[in-house]
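*Asks:* sequence unavailable; structure follows:
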């Protein structure tokens, strides 16, 4: 990754920091008891990635009676580090640090594959990038231990047809690039090769049966953020100051779990920190994703323009020239059109079409991706990161909408909720229809940026960059959010998008209006990150009413997320935390807010990893809670002795469900009310091994 502050290249190995990769379960509610218990031991098993074990965890060696996975998919949101992990895999293999079972690694990014516009054979596709392999390629492709990495499926512009594509089995067969990808994943081409595929969570057309191992990239833990600060600054004192500073703000610490955001925050804080610790308190940190990118934009204009630099002593919004503003507008238009058409690579002809000149843009906005020597194409460019493209797209839309209230609301409905009801010719929505599928999920980051920029306009923080006289923004957004949260048909995905947008707008008067309408939070089986939990907590700050239900089973709640959502748990009657791989280390963070909750009646902690070590915490909870009527602890890892101790701690009338019923039930969602006289479960979780074949 380029270091834009110091303007020098940085070694991947010097910056790479531990990240968390977890196994992803395909379906939470589909197994009977036995399969469900076995699954519970497999899902969300944390792997800490570092230079010594990253490849062993992703690519385990074959063992007696087991087969190593041949097709592995790594999912993760934008900026979480999918490409960096892919590069780290290649780096460690090339350095002979691990995974020597692979004879050769062939790496492709879907950005590259988008450039192939003509039918081509797999052999020639490889030679296009690795021409030096020509003398040995026929022999090489006969090897069984080849690794092929395919990075960025969500950036592929072609549809993958796994049902209608023609079957190709020879590397000399000529096909479209999409057909080659399909046949690689179907194991028709190079059936003995191992395929490593990365994508965003919401963009995957690959049938589940073709994936042997599904992984989720969850970013940094708090210790990972601390390690990254040290890797970034190479100075333990400054790194400590920055980490403590980040930890002092809930939103900053939640943002920093995403490696890209952590990098940007470090670049922004660096000039403040290097002047001395005393200046830190006077620095107003970016509290939202939009503010982080806004400050990144200003920082880039100050330090990295091509003749467009703004003196750092001046407010850049006051002195930005007309030419720079025009360039930013045109760049945003290019970004938005590319976003809707799933395009992230742009040639010089396209830049010229939008009136863009590289000489008018800061060097840290667009990066040169490929040269004319590759694929016979012109020089191509992409944004520094796809999230930067989404930010500029949102900036363009905010400018384009201006003070048109009706267009603003219709665009919000389309982008956030997928509702397209055009009352006029809104050109921003020309390429969006009711049949656009899950486009609103793909536009989540863009939508957060859009709403966050509306807040900056309202606060006059973009004066000089955006000229807008729309004084109705607060009124419009308040009404729009209120109507959305009052809608009883609001889906769980839309709820999460709205909560994040509400957080980006940072306006308490809106929260005060919308909070009373949130009586249930049902987000089961949606991966929740710390920033999501901060947003949910913020969405409820405007009222202290009791929440009837929070269902966050199967959401992969980690330590940081649990801490961020703690204030919400204090207000809930029914809490469902099944299938979250909660362990003893989480108990204190879980029990602490619940002891203060005198409204909780049902606490469902089934299908987790609690052991005897947490018994005192559960006994304490049962003794302190005056309202708890039912606690469900089946399919954890308690011994019979501890189960009896927990049962004895209960008050008269409390229902403690800790033994499994004899009667099998097909769905976890049917575990609602169990009889108090359940017999000792015949199938004990502790009897299962810690790992299973094909993990």
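*Replies:* Happy to help now that I have it. Keep in mind it's a predicted model, so treat the numbers as computed, not measured. Numbering: from 1, shown residues only.

*Asks:* where in this structure is the helix or strand with the lowest mean pLDDT?
*Replies:* Every helix and strand in the chain was compared by mean pLDDT, DSSP states H and E; the lowest is helix 33-40, with a mean of 31.

*Asks:* so what's the closest residue to residue 608 other than its chain neighbours up against?
*Replies:* Ranked by Cβ to Cβ, 6 or more residues apart in numbering and with sequence neighbours excluded, the top spatial neighbour of residue 608 is residue 582, at 4.1 Å. In this view, the C-beta of every residue, glycine as well, is placed from N, C-alpha and C. Applying Cβ atoms under 8 Å, 6 or more residues apart in numbering to residue 582 gives the contacts 557, 562, 590, 605, 608-610.

*Asks:* repeat that for residue 485.
*Replies:* Contacts of residue 485 by Cβ under 8 Å, 6+ apart are 498, 514, 517-518.

*Asks:* test my guess that residue 482 contacts residue 512.
*Replies:* No. In this structure, residue 482 is not within contact of residue 512 by Cβ atoms under 8 Å, at 10.3 Å.

*Asks:* for the stretch 51-200 of the chain, which segments count as strands?
*Replies:* 71-75, 104-109, 120-121, 146-151, 174-175, 194-199 (DSSP state E, counting those that start in this stretch).

*Asks:* quick one: contacts of the last one?
*Replies:* Residues from elsewhere that reach strand 194-199, judged by Cβ under 8 Å, 6+ apart: 58-59, 68-76, 82-83, 85-86, 89, 102, 145-154, 184-185, 206, 211.

*Asks:* low-scoring stretches of the stretch 501-650 of the chain, by residue?
*Replies:* Within the stretch 501-650 of the chain, the stretches with pLDDT under 70 are 596.

*Asks:* so which residues of it form strands?
*Replies:* 520-522, 547-551, 572-576, 602-604, 630-632.

*Asks:* ok, residue 489 to residue 419 distance?
*Replies:* Using Cβ to Cβ, to the nearest Å, residue 489 is found at 11 Å from residue 419.

*Asks:* more neighbours, these two?
*Replies:* Higher neighbour count among residue 489 and residue 419: residue 419, with 13 against 5, using other Cβ atoms under 10 Å.

*Asks:* I'd say residue 206 and residue 160 touch.
*Replies:* Yes. Look at residue 206 against residue 160 with Cβ under 8 Å: they come within range, at 7.0 Å.

*Asks:* any shared contact partners between those two?
*Replies:* Counting by Cβ under 8 Å, 6+ apart, the residues touching both residue 206 and residue 160 are residue 185.

*Asks:* max-length helix in this structure?
*Replies:* helix 322-340 (DSSP state H).

*Asks:* looking at the contacts of residue 485, which are in helices?
*Replies:* Those of the contacts of residue 485 lying in helices (DSSP H): 498, 514.

*Asks:* how far away is the residue minimising distance to the centre of the chain from residue 209?
*Replies:* With distances taken as Cα atoms, centre = their mean, residue 77 lies nearest the centre of the chain, 2.8 Å away. Using Cβ to Cβ, residue 77 is found at 25 Å from residue 209.

*Asks:* can you check residue 454 too?
*Replies:* Distance from residue 454 to residue 209, by Cβ to Cβ: 44 Å.

*Asks:* ditto for residue 550
*Replies:* 34 Å.

*Asks:* same check, this time on residue 99
*Replies:* For residue 99 relative to residue 209 (Cβ to Cβ), the value is 26 Å.

*Asks:* thinking again about what came up before, could the strands of the stretch 501-650 of the chain go into CSV alongside mean neighbour count and distance to residue 381?
*Replies:* Shown next, in CSV, are the strands of the stretch 501-650 of the chain (neighbours: other Cβ atoms under 10 Å; distance: least, Cβ to Cβ, whole Å):
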stretch, mean neighbour count, distance to residue 381
strand 520-522, 17, 42
strand 547-551, 18, 45
strand 572-576, 21, 47
strand 602-604, 21, 51
strand 630-632, 22, 55
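
*Asks:* need those in CSV (columns: distance to residue 342).
*Replies:* Output for those, formatted as CSV (distance: least, Cβ to Cβ, whole Å):
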stretch, distance to residue 342
strand 520-522, 30
strand 547-551, 33
strand 572-576, 36
strand 602-604, 40
strand 630-632, 44
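
*Asks:* so which of the ones you listed gets nearest residue 333?
*Replies:* For the strands of the stretch 501-650 of the chain, proximity to residue 333 was assessed by Cβ to Cβ; strand 520-522 is nearest, at 37.6 Å.

*Asks:* how far does the closest one sit from the chain's center?
*Replies:* Relative to the centre of its chain, strand 520-522 is centred 21 Å away, using Cα atoms, centre = their mean, to the nearest Å.

*Asks:* tell me what that strand is packed against?
*Replies:* helix 492-505, strand 547-551 (3 or more Cβ pairs under 8 Å, 6 or more residues apart in numbering; DSSP states H and E).

*Asks:* mind checking pLDDT for the closest residue to residue 336 other than its chain neighbours?
*Replies:* Closest residue in space to residue 336, ignoring its immediate chain neighbours: residue 393 at 3.8 Å, by Cβ to Cβ, 6+ apart. Note for residue 393: predicted pLDDT of 96.

*Asks:* mind checking pLDDT for residue 336?
*Replies:* Residue 336 is given a pLDDT of 95.

*Asks:* how far away is it from residue 428?
*Replies:* 8 Å.
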